[in-house]
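**Student:** sequence and predicted model, in that order:
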Amino acid sequence: MKVMHVGLFLLVVGFAGCGGGDVSTPTREIVSESMVKNGDTWTVNFTSKIDAPVDKVWEAFTKPEKAHDLAPENVLKSELIKEDGNTKIVDIVGRLEVLPPGFKVQNIRNEYLYFPGEKRFTQKSIDFKLADLVSEYKFTPTDDGKATLLTFTQTSKDKSPMLVDSLQKGALRETYVTQVKIANKALGIAEPAAKPQG
């Protein structure tokens with residue numbers, strides 16, 4: 001099966017530029033999370049388990065320029081501006097429905113720096129009006145090699161704090177969860193069944 005790429009959702013996290021202030025595990029896509037704001041800067045950490053080998057998961061996350069082709073309803077444009085060795089510059093125009101009117105469509109230019117031997121990459125916003133973002137995605141195989149742990153860290157310095165903390169927190173969590181769901185779909189992994197209530 002052809003692996004679809006989910007790099008588009010890396011930029012969607014950038015659109016949120018946000019966080020919250022607690023530690024919890026709110027969804028089945030997130031194993032652990034921490035979102036803390038100090039002054040105008042958020043520090044965000046998420047961990048997820050993806051049920052596919054690390055090489056396949058890595059491949060699924062390394063083509064952000066294919067975003068529009070894969071999710072045109074969320075990504076209105078994704079264009080590779082420059083590629084030089086392990087570095088890519090990508091322009092994205094994306095839509096986030098969780099944001100209020102006037103903020104739903106955002107333009108962002110991101111720089112991606114890939115470290116294939118370490119199965120990690122960094123993402124940095126070069127031009128984004130809401131925040132300065134620096135993120136890292138790290139992929140680690142589980143002991144049996146059949147699954148992958150994704151560790152995501154981000155710092156986000158607000159440029160103009162227009163969104164309330166609770167909205168920022170919800171936007172970041174939702175966009176990250178979307179990344180994991182799309183990665184699972186791209187890898188041919190069925191969405192897990194909902195846990196029974198009670």
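**Tutor:** Good, I have the coordinates. This structure is a prediction, so every number in the text was calculated from the model and none was measured.
**Student:** ok, and the closest non-adjacent residue to Asp158?
**Tutor:** Asp40 (4.5 Å; CB to CB, 6 or more residues apart in numbering). Quick note: C-beta positions are derived from backbone N, CA and C, even for glycine.
**Student:** report the separation between that neighbour and Ser32.
**Tutor:** Separation of Asp40 from Ser32 (CB to CB, to the nearest Å): 25 Å.
**Student:** next one: Leu80
**Tutor:** From Leu80 to Ser32 the distance is 33 Å (CB to CB).
**Student:** just the helices in this structure please.
**Tutor:** 8-16, 54-60, 67-70, 165-186 (DSSP state H).
**Student:** follow-up on the earlier one: ok, the residue nearest to Asp158 - how many residues close by?
**Tutor:** 13 (other CB atoms under 10 Å).
**Student:** and the gap between Phe61 and Pro101?
**Tutor:** Taking CB to CB, one finds Phe61 at 31 Å from Pro101.
**Student:** just list the residues touching the nearest residue to Glu83 once chain neighbours are set aside, thanks.
**Tutor:** Nearest residue to Glu83, sequence neighbours excluded (CB to CB, 6+ apart): Ile89, at 7.7 Å. The contact partners of Ile89, by CB atoms under 8 Å, 6 or more residues apart in numbering, come to 80-83, 109-112, 126.
**Student:** buried subset of these as a ChimeraX selection?
**Tutor:** Selection of buried members from the contacts of Ile89 for ChimeraX, criterion 16 or more other CB atoms under 10 Å:
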select :109,110,111,112
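**Student:** which of the contacts of Ile89 fall within strands?
**Tutor:** Under the assignment DSSP state E, the contacts of Ile89 contribute 80-83, 109-112, 126 to strands.
**Student:** hmm, back to that, I figured the residue nearest to Asp158 hits Lys157, correct?
**Tutor:** Yes - using CB atoms under 8 Å, Asp40 is in contact with Lys157, at 5.9 Å.
**Student:** if we can go back for a sec, higher neighbour count, Phe61 and Pro101?
**Tutor:** Counted by other CB under 10 Å, Phe61 and Pro101 do not tie: Phe61 has more neighbours, with 23 against 5.
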